[in-house]
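Engineer: What follows is a predicted protein model with its sequence.
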Amino acid sequence: MTDAALPAHVGDVIVRATGIEKYFDDNHVLRGIDLEVRQREAVMIVGRSGSGKTTLLRCLNFLEEPTVGSVWIDGVEVAADPLHARDRRHQEQIRQIRLRAGMLFQEFNLFPHMSVLDNCIEAPLRVRGEARQRAIERATYYLEVVGLVEKRDEFPARLSGGQKQRVAIARALCMEPKVLLFDEPTSALDPELIGEVLRVMEDLAHSGTTMIVVTHEMHFAREAADRVVFMEDGVIAEQGPPEQILEAPRDERTKRFLRRFLLT
Amino acid sequence: MSAAASLQPGVPGIVEQVATARRRSRVRWRLQFALTWAVLLGLLGFALWASGNINLDFIASAGPYIVQGAWLTLLICISSIALAVVLALIGALGRLSSNPVLNGIASLYVSLVRGTPLLVQIFFVYLALPQLGLTLPVVLGGIVALGFNYGAYMTEIFRAGIQAVPRGQAEAAEALGMPQRLVFRRVVLPQAFRIVIPAIGNDFIAMIKDSSLVYVLGVQELLWRASTLGRRELASLEGLLIAAAVYWGMTIVFSFFQERLERRMARGDR
Ligand SMILES: Nc1ncnc2c1ncn2[C@@H]1O[C@H](COP(=O)(O)OP(=O)(O)OP(=O)(O)O)[C@@H](O)[C@H]1O
Ligand SMILES: [Mg+2]
């Protein structure tokens, strides 16, 4: 992408994935992905089911070990090392990457045995070694951001799906990551709960949170994305500003995908 | 409320009448159930008494001594279940380990213990260990044998419990930058524990009965007292009846707590 195409508010490159390939056994799922994301940029990844969107996101924080390639986030670079994936040194490097990249899941994955507040302060306390008071202050702040501070003492089982995902966002923010990775954060939600989560995400995007979002919510992508990345068969087929990709795609595959999307 | 009012059926008070009828029939059912037990047990007791062979003096004089053996039975069970939980946790970690040696050790333990009778294992502690130069006090020997035995069965329960924690839980913790050990200790283990607690309760109740086997070591628990005294005073039947009643009573009491615990855990995710 040339600098001329960049929106004014974005900063320096903060995430760089280089030559990512991923095999599941002999299934070649990612076939060479290069992706750069800049500070304060909101990148939305769209594409057909099975095109490798989730796998790419999980390779960025090494929940899946890429087969080939490397990931650089804010000064930490980790090269894929599938033969020594469980080595201590490699694992520690991966942890450094993860401290810089928060992740949100389709299924929220809140810790059910901890209150909302404890969900939010667990990692700051035990991973970053923060003082309890400080961690609670920050958790309170981010719970306010997602509009759930009054639920801080509830347990996840007593929250709606939308509330759970918002708590999960607050939990991720409490680690002050450089980038947030979202994997279809609203696809497990009842339709009437999707809006509240997307609103929070849109606010975050507009207030300059760097994020990479896999989504099927085309309307949301158009509103909140700085850039849309269209994936097909494990490669990036086309990328650019949302108006261009979603309204005037050049690539045949993107056109086909969007056509079907608009029909259904 | 107004919606409910507008749905009032035609017959006045029919809702209350149905509720009352249902409550009555439930009470009646329980009464009949309790009566059935009382009659059957009463008949059994009467038959024993009527046979004229029951030595009531023995029951009165030796009864308290035998019953107090329950304390030792309980102590053995609590200690053994604690030992078993620790062994099961280690065993489950071994069974889930990618290290072939650790996995091998844990699997061999489970296989050996589950493949041999508990009584053989108890005799092993009693007879074989001293030959190897290790003599345990009998109570400790009993606890070790029971703990090892139950630990092997519980290893599989713990392993299943750990595997039953959704993969996403560990992934969420890892994504937050938690190192493996922390992920296990703070996120996976507490949830696995909640899953296996009912099973631990079941095993505890089973152990109350299996603990009787350690009487062969000369541990002066419930069954040892009953059989020893009974044989000496030619009142084996009476002794065994007392022991059986106490075992039964203990399992009823603990099953009651167990069921309540299970129900409470099923109700809310808290
Ligand atoms: N853990 C895994 N083991 C084996 N194959 C996998 C695994 N995860 C994904 N795959 C395969 O990789 C391919 C891409 O899957 P992926 O989940 O990345 O697609 P996706 O674009 O996220 O699709 P969706 O829109 O349905 O979420 C699929 O063919 C899938 O079967
Ligand atoms: Mg996916």
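Structural biologist: Yep, that arrived. Quantities reported herein were computed from a predicted structural model and do not represent experimental measurements. Ligands and ions are numbered 1, 2, ... in the order given.
Engineer: For ligand 1, what is the nearest residue in the stretch 101-250 of chain B?
Structural biologist: B:R167 (9.9 Å; CB to the nearest ligand atom). In this view, the C-beta of every residue, glycine as well, is placed from N, C-alpha and C.
Engineer: Quick check: A:K53 vs A:R227, distance?
Structural biologist: 15 Å (CB to CB, to the nearest Å).
Engineer: the helices in chain B, which residues?
Structural biologist: B:2-6, B:14-50, B:56-96, B:100-114, B:118-123, B:129-131, B:138-164, B:167-175, B:180-182, B:189-210, B:222-232, B:236-267 (DSSP state H).
Engineer: That should have said the stretch 151-264 of chain A, apologies.
Structural biologist: Using DSSP state H, counting those that start in this stretch, the helices of the stretch 151-264 of chain A run over A:161-173, A:191-206, A:218-224, A:242, A:252-263.
Engineer: what residues does chain A put near ligand 1?
Structural biologist: Within reach of ligand 1 by CB under 6 Å from any ligand atom, chain A has these residues: A:24, A:27, A:29, A:47, A:49-55.
Engineer: From those residues, list just the buried residues.
Structural biologist: Buried residues within those, defined by neighbour count using 16 or more other CB atoms under 10 Å in any protein chain shown: A:29, A:47, A:51-55.
Engineer: Restricted to helices, list these.
Structural biologist: Per DSSP H, those map to helices at A:53-55.
Engineer: Tell me the one of these nearest chain B?
Structural biologist: A:T54 (11.9 Å; CB to the nearest CB).
Engineer: if I look at the closest one, how far off is B:A206?
Structural biologist: 45 Å.
Engineer: Identify the residues contacting stretch A:145-155?
Structural biologist: By CB atoms under 8 Å, 6 or more residues apart in numbering or on different chains, the residues outside stretch A:145-155 that reach it are A:112, A:114-117, A:139-140, A:143, A:159, A:163, A:166-167, A:169-170, A:173, A:196, A:200, A:203-204, B:269-270.
Engineer: Return the distance of that stretch from the chain's centre.
Structural biologist: Distance of stretch A:145-155 from the chain centroid (CA atoms, centre = their mean, to the nearest Å) equals 22 Å.
Engineer: Which among the helices of chain B is found nearest to chain A?
Structural biologist: Minimum separation from chain A across the helices of chain B (CB to the nearest CB) falls at helix B:167-175, 3.6 Å.
Engineer: Spatially, what comes nearest to the residue of the stretch 1-150 of chain B found nearest chain A if we skip its sequence neighbours?
Structural biologist: Nearest to chain A in the stretch 1-150 of chain B, going by CB to the nearest CB, is B:S98, at a distance of 7.4 Å. Sequence neighbours aside, A:R86 is the residue nearest to B:S98 in space, at 7.4 Å (criterion: CB to CB, 6 or more residues apart in numbering or on different chains).
Engineer: count of neighbours near the one you found?
Structural biologist: The local packing of A:R86 (other CB atoms under 10 Å in any protein chain shown) involves 11 other residues.
Engineer: got the contact list for B:S236?
Structural biologist: B:227, B:230.
Engineer: per-residue pLDDT, it?
Structural biologist: pLDDT for B:S236: 84.
Engineer: got it, and A:F261?
Structural biologist: For A:F261, pLDDT reads 72.
Engineer: for B:S6, same thing?
Structural biologist: For B:S6, pLDDT reads 55.
Engineer: can you check B:D269 too?
Structural biologist: Per the predicted model, pLDDT is 52 at B:D269.
Engineer: Equivalent analysis for A:D118, please.
Structural biologist: On the pLDDT scale, A:D118 gets 97.
Engineer: That one is in what secondary structure piece?
Structural biologist: Under the criterion of DSSP states H and E, A:D118 resides in helix A:116-126.
Engineer: and residue 39, how many neighbours?
Structural biologist: Chain wasn't specified; assuming chain A. A:Q39 has 17 nearby residues by other CB under 10 Å.
Engineer: Actually, chain B is the one I wanted.
Structural biologist: Quick note: B:V39 (other CB under 10 Å) scores 10 neighbours.
Engineer: do the one 5 residues further on as well
Structural biologist: Close neighbours of B:L44, defined as other CB under 10 Å, add up to 11.
Engineer: and it, how far is that from B:A244?
Structural biologist: 11 Å.
Engineer: Ok, B:G52 next?
Structural biologist: In terms of CB to CB, B:G52 sits 21 Å off from B:A244.
Engineer: Please identify which of the two sits among more neighbours.
Structural biologist: Neighbour comparison, B:G52 and B:A244: the larger count goes to B:A244, with 14 against 6 (by other CB under 10 Å).
Engineer: Contacts only, for the more buried one.
Structural biologist: Counting by CB under 8 Å, 6+ apart, B:A244 has no contacts.
Engineer: For A:R48, which non-adjacent residue is closest in space?
Structural biologist: A:F257 (5.9 Å).
Engineer: do the same with A:A79
Structural biologist: Among residues not flanking A:A79 along the chain, A:S70 sits closest, at 4.1 Å (CB to CB, 6+ apart).
Engineer: Counting by contacts, list what the helix or strand where that neighbour lies packs against.
Structural biologist: Assigned by DSSP H and E, A:S70 belongs to strand A:68-73. Helices and strands touching strand A:68-73, by 3 or more CB pairs under 8 Å, 6 or more residues apart in numbering or on different chains; DSSP states H and E, are strand A:13-24, helix A:53-60, strand A:76-79, helix A:88-100.
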